[in-house]
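Asker: sequence and predicted model, in that order:
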Amino acid sequence: MDKFFHINLRYLRQQKGLSQDDLCSEIGCSKSALSQYERGESEPTLHVIDNIVRYFGVDFDSITHTDIQRHGMNVVSEPAAQYQTELTRLKIENQALKDALREIGKGMQNK
């Protein structure tokens, strides 16, 4: 992995105001793994890298080969904003379905 990945990962997370826990839940890794990625001590799997670039709306080459902070790249791109909006909508919809199923289950137990 290029020397910029760990620097960019931390920068992108901080620019979005995310805690490590927040980002971990979005990209599918543990907090200890993310901490190691951000310190350059470990490299994520390709699956996690794919989740990272999709989440932040950056391409693989930019996050691995460019100093994003120095080049002033827009870290809240339109695709990332759309992804976040859709993800939030799906989480809300998922919770509503869980709640509805729970209520149906309660109703069936009372019969």
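Answerer: On my side now, so go ahead. These numbers come from a predicted model, not from an experiment.
Asker: low-confidence bits of this structure, can you list those?
Answerer: Low-confidence segments of the chain, defined by pLDDT under 70: 1, 73-85, 88, 111.
Asker: care to break it down by domain?
Answerer: Following automatic domain parsing, the chain resolves into domains at 1-75, 77-111.
Asker: could I get those domains as JSON lines with mean neighbour count?
Answerer: All C-beta atoms are positioned from the backbone trio N, CA, C, and that covers glycine. Shown next, in JSON lines, are the domains of the chain (neighbours: other CB atoms under 10 Å):
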{"stretch": "domain 1-75", "mean neighbour count": "16"}
{"stretch": "domain 77-111", "mean neighbour count": "10"}
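Asker: residues in contact with stretch 25-36?
Answerer: 9, 18, 20-21, 23-24, 37, 42, 44, 47-48, 51-52, 55, 87 (CB atoms under 8 Å, 6 or more residues apart in numbering).
Asker: how about the residues you listed, which pair is most distant?
Answerer: Largest separation among the contacts of stretch 25-36 by CB to CB: S42 and L87, giving 25.6 Å.
Asker: E41 in helix, strand or coil?
Answerer: coil (DSSP: H, G, I helix; E, B strand; the rest coil).
Asker: so who does S42 touch?
Answerer: Neighbour list for S42: 33, 36 [criterion: CB under 8 Å, 6+ apart].
Asker: can you name every helix or strand that the helix or strand hosting Q95 contacts?
Answerer: Element membership for Q95 (DSSP states H and E) is helix 78-109. Packing partners of helix 78-109 (3 or more CB pairs under 8 Å, 6 or more residues apart in numbering; DSSP states H and E): helix 46-56.
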